[in-house]
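Asker: Turn this into a structure:
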Amino acid sequence: PITVEGNDSFGVSVRSILNGDYRQKQAVDDVDADTDNEDSNGASVTVLGSNSVAVDFREDITGNVGIGGLTQATGENSVGARFLGDVAGEFMVDGSILTTGFTSTSASNYEDPDSADDNDVGFDEPDKLDPDDLLVGGAALEIRGDLGRGFLINGPATGGADPTEDVKDVVQDFNPNRTAGSITSVGSAPALVIQPLDGAAGDELRLARVRETVRDTLDDDDDDDRNEVIGVFDYDFGFINRGTILGNGQNKDFSASAVRIAGSADGQHQTIIEGGIFNGGSITALSFENNAVGLNIGSGASSPQLVNAGAISAVANTQTTHDAIAVRADAGASLPTVTNNGSIGATVDSFDGDASAFQDLSGTVTTFNNNSRIGALFLDDDPNDDITSGTGRAIALDLSHSASGVTLTQTDTIDNTRIFGDILFGAGGDRFDLLSGQVVGNVDFGTGSDVLQVNSATLLGDAVFRGANADVSLVASEMEGAITLGNAAAAL
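Answerer: Residues are numbered from 1 along each chain as shown. Okay, the predicted model is just below:
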């Protein structure tokens, strides 16, 4: 283990080109102590102090990067791991990276006003924290350069049919040799930042498609070689999360952000993710009296698709107007296609903030396929009062910034798809094919010439058309709500 205490400190700092690999060993079960000096608990690099970095690489790396074990930075503006240069090989996180500026990752000064009592004692009271206990840390992981073999947070993989169950020949067969990675920020800093530096210090940032090399960590063949390669997989995405990414505000008035992918802040350099983003794990943001954003694709970032097979969520505990947004594409971003095979959800614990499961401010989404669950919900923070609504909105899909039209399709084979919350379209010609499951919420088609087709499904809400033409078809379906045509020429 490496442990450093002091301000402006580093655990590992490499300030020239690394010709080779950087690997922190992950935890391994049943390790022979005489084999390669491996530690069953994995490697650890920790720093305690402000403006510090646990793992710091300033220049390019010609080989692979593997971050296992524990990487932790505690202190104001302190970062877990930072990579400023390009990495030519694979980049994998299969350990835990944690940062915070707080003095505790468990104590919290938040108390829900609706459950507060008149006394100031007892186990139900919030922790009493001073300003020095509540400093803002840095990101858990910063990627500032190209990744030549993409970015992978490891964890269990899923694949197709396995023709030979006794042979390791498909991707999921190697799951016993994989260790799940986690990236966590406790405080308002994002857990994961992928963004080039400004000006001459930065340039275009590109994540190529992921390659994963699987090693014989369990010594399956009993040859005492746990570093031998037993599988290599090439994927179609430049960003793959199979682990856990968490942004936890934890204390009152701290925002939460799990993932931020963006071009440089000065607008000079783009971030391009080849193949797109795949989430098969969890991406979560949790805040208290501030905003929470799970996955943020910022201005200057470009990804051809987002495929979610895991869970992306944002939760805001608030008595005021703070928002929870599970996925947001900012103006200036590009994200043409979204496919949801898992869950995307936003929850506000009150009724005055907006809960938005998916928000496209870029206006670039043209195709959205929902094959599972999307939800924007309010939690009744005090069931004993008579307040059941407020100024907030529950918006499942905000596609209202599109001027070119969006095709939204909901379908599956077992009639289990659901959308909870309103759906907002924009000024283009939009089409909503509701072919299975339910939508519980209103659909606003905006000002385009639009199509609504409901076939063998249920729409529990209103459908509003504001454009010149409306084409509505209901076949073997149920709709409980009004159809408002306005001035549209309608075909029913």
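
Asker: In a strand, Q172, correct?
Answerer: No - assigned with DSSP: H, G, I helix; E, B strand; the rest coil, Q172 falls outside any strand and is helix.

Asker: what does the lowest-mean-pLDDT helix or strand in the chain rub up against?
Answerer: Least confident helix or strand of the chain, by mean pLDDT, DSSP states H and E, is strand 489-491 with a mean of 72. For strand 489-491, contacts defined as CB atoms under 8 Å, 6 or more residues apart in numbering pick out F465, A468, N469, A470, D471, V472. Where you see a C-beta, it was placed from the backbone N, CA and C, and this is true even at glycine.

Asker: Run a quick neighbour tally on the fourth one.
Answerer: To tie it back to what came earlier, the one meant is A470. Neighbours of A470 under the rule other CB atoms under 10 Å: 25.

Asker: Show me which positions of stretch 260-275 end up buried.
Answerer: When burial is assessed from 16 or more other CB atoms under 10 Å, stretch 260-275 yields the following buried residues: 260-265, 268-275.

Asker: If you rank the contacts of strand 489-491 by neighbours, which is first?
Answerer: F465 (29 neighbours).

Asker: Residue ranges in the chain under the pLDDT threshold?
Answerer: The chain contains residues with pLDDT under 70 at 27-41, 114-124, 380-390, 492.

Asker: wait, isn't S473 in contact with V454?
Answerer: Yes - between S473 and V454 a contact is recorded at 6.9 Å, counting by CB atoms under 8 Å.

Asker: of the two, who's got more company?
Answerer: Ranked by neighbour count (other CB under 10 Å), S473 and V454 place V454 first, with 22 against 13.

Asker: Which strand residues bridge that one?
Answerer: Beta-bridge partners of V454, counted by DSSP bridges, are L434, L474.

Asker: Look up how far L435 lies from it.
Answerer: 8 Å (CB to CB, to the nearest Å).

Asker: for V65, same thing?
Answerer: Separation of V65 from L435 (CB to CB) stands at 43 Å.

Asker: Tell me which of those two has more neighbours.
Answerer: More neighbours surround V65 than the other of V65 and L435, with 24 against 17 (other CB under 10 Å).

Asker: Tell me the backbone dihedrals of the spatially closest residue to that one that is not a sequence neighbour, please.
Answerer: Closest residue to V65 apart from its sequence neighbours, by CB to CB, 6 or more residues apart in numbering: F91 at 4.7 Å. When read as degrees, to the nearest 10, the backbone of F91 gives phi -130, psi 110.

Asker: Any idea how many residues pack against F91?
Answerer: Using other CB under 10 Å, F91 is surrounded by 24 other residues.

Asker: Spit out the contact partners of it.
Answerer: Here F91 is in contact with N64, V65, F83, I143, L147, R149, G150, F151, L152 (criterion: CB under 8 Å, 6+ apart).

Asker: Of those residues, which belong to strands?
Answerer: Using DSSP state E, V65, F83, I143, F151, L152 are the members of the contacts of F91 that sit in strands.

Asker: Cool, thanks, talk later.
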